[in-house]
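Novice: here is a sequence with its predicted model. Questions after.
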Amino acid sequence: MGSENSYLYHTNYFAKNNKICHNIEMIFDPIYISYALIGVMLILVGWIIRLEIKISHLLIGKDSKSLEDSIVSAGENLKKLNDFQREAIMHFMNVEKRLNRSIQAVETIRFNPFKGTGEGGSQSFSTSFLSEDGNGVVISSIYSRERVSVFSKPLNKFESKFELTEEEKEVIVNSKKTLD
């Protein structure tokens, strides 16, 4: 009996003097627990409804089969796009090579080869046609009253295996400047 009295004494003491104990009993009251569970349940139901709405917007007019078909189709389109990209890169590289071989600099110098002894002025000329690599041709024309002479000299990397005149060298240098 002594231990029973001691127990009652302690519970009465805590019930009267300690509000924490009273609040704990109130928290574990079945009514409050059911209110809390109903609140959590309403929040979860709202969340589920929100997710269902999002999924229905995603799948409007589609069933799982058509969605799978859409994903497969997107994958095939991506593969086609990658193939096209590879082909385009190869084509552009080919165009770049061809463009480097094409004529990109044309320069002309007119001059009088007879330095004032002949009349008619600067009717003679030298013209260079060069690619970016310095390959091409230099064409020169010497004009006199009696005749016109035309010379063509091939160029490889801005050099010719034939002897170049001063005017031809000058026109090649001017062409080289336009390429830089």
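Specialist: On my side now, so go ahead. Numbers count the residues shown, from 1 in each chain.
Novice: for stretch 164-173, the averaged confidence score.
Specialist: Model confidence over stretch 164-173, given as mean pLDDT, is 93.
Novice: please apply the same query to stretch 121-131.
Specialist: Stretch 121-131 comes out with an average pLDDT of 89.
Novice: could you dump it to PDB, C-alpha only?
Specialist: What follows is stretch 121-131, C-alpha atoms only, in PDB (Å, rounded to 0.1, in the frame of the first residue of the first chain):
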ATOM      1  CA  GLY A 121      51.400  55.100-121.500                       C
ATOM      2  CA  SER A 122      50.900  52.100-119.200                       C
ATOM      3  CA  GLN A 123      49.200  49.600-121.400                       C
ATOM      4  CA  SER A 124      51.200  46.600-120.100                       C
ATOM      5  CA  PHE A 125      50.000  44.800-117.000                       C
ATOM      6  CA  SER A 126      50.700  42.000-114.600                       C
ATOM      7  CA  THR A 127      47.800  40.200-112.800                       C
ATOM      8  CA  SER A 128      48.000  37.500-110.200                       C
ATOM      9  CA  PHE A 129      45.300  35.000-109.400                       C
ATOM     10  CA  LEU A 130      46.100  33.300-106.000                       C
ATOM     11  CA  SER A 131      44.500  30.800-103.600                       C
END
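Novice: begin at 40 from here
Specialist: Sounds good: first residue 40 from here, last item stretch 160-170.
Novice: pull out the buried positions in it.
Specialist: Within stretch 160-170, the residues that qualify as buried are 162-170, counting by 16 or more other C-beta atoms under 10 Å. For the C-beta atoms, the positions are set from N, CA and C on the backbone; glycine is no exception.
Novice: to what extent is N116 buried, counted in neighbours?
Specialist: 10 (other C-beta atoms under 10 Å).
Novice: quick one: which helix or strand includes it?
Specialist: helix 103-140 (DSSP states H and E).
Novice: chain center to that helix, what's the gap?
Specialist: Averaging C-alpha positions (C-alpha atoms, centre = their mean, to the nearest Å) puts helix 103-140 14 Å from its chain's average.
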